[in-house]
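In: need the 3D shape of this:
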Amino acid sequence: MRRKDRERDAAFAWDVLDRADYVTLAMTDTEGKPYCIPLTVAVDREYGALYFHCAREGLKLELLRQNSAVCLSAVSAMASVPRQFSLSYSSAVLRGHAQEVTDEGEKVKALLLLCTKYDPKGMDRFDGALEQNLDATCVVKILPEVLTGKQSGN
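Out: Presented below is the predicted three-dimensional model:
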């Protein structure tokens, strides 16, 4: 990172990933061309992983099955700094590898994390939704190799 004065530790970066409404996932296709997509994710700090869910087919999964290397970026806070032509922000970048979750217990745990984060008031319907959709849902885990945080003006 060029601006070492803005660099933050892994705990800060995990917090950014946890608080961000969405992240951007970047991958590479078979021709070496970039592909990125916004995702909602849930962080499991205990195991140092993050999860997202998706359909069992589609371009995103095809690319991840061909090349598991990914890069995620997230911004959890950003504001213009008046009269300074600058921004105040908290961001994180994660480089790592993605893998489909095949263990049913881990898959349920990941879906519970996701649903609790994005629909905490609807958790009374979680068990029914799980029963109806578990088999049709793919869960992907991303394990970091490099995780950096950055903060400016906060």
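
In: phi, psi for the residue nearest the centre of the chain please.
Out: Compute the mean C-alpha point of the chain, and by C-alpha atoms, centre = their mean the closest residue is Val41, 4.1 Å away. Dihedral angles of Val41 (phi, psi; degrees, to the nearest 10) stand at phi -130, psi 160.

In: next helix or strand past the helix ranked longest in the chain?
Out: Ranked by residue count and defined by DSSP state H, the top helix of the chain is helix 104-118. Once the chain leaves helix 104-118, the next helix or strand it forms, by DSSP states H and E, is helix 126-133.

In: now do the strands in this protein.
Out: 7-8, 23-28, 34-39, 42-44, 49-55, 69-81, 86-100, 137-152 (DSSP state E).

In: right, and those - which one's nearest Cys115?
Out: strand 42-44 (8.5 Å; C-beta to C-beta). Any C-beta I mention is one placed from the backbone N, CA and C, and that applies to glycine too.

In: the bottom helix or strand of this protein by mean pLDDT?
Out: Between all helices and strands in the chain, the lowest mean by mean pLDDT, DSSP states H and E belongs to strand 7-8, at a mean of 64.

In: so what sits opposite the residue lying closest to Arg65 once chain neighbours are set aside in the bridge?
Out: Nearest residue to Arg65, sequence neighbours excluded (C-beta to C-beta, 6 or more residues apart in numbering): Glu100, at 7.9 Å. Beta bridges link Glu100 to Val140, judged by DSSP bridges.
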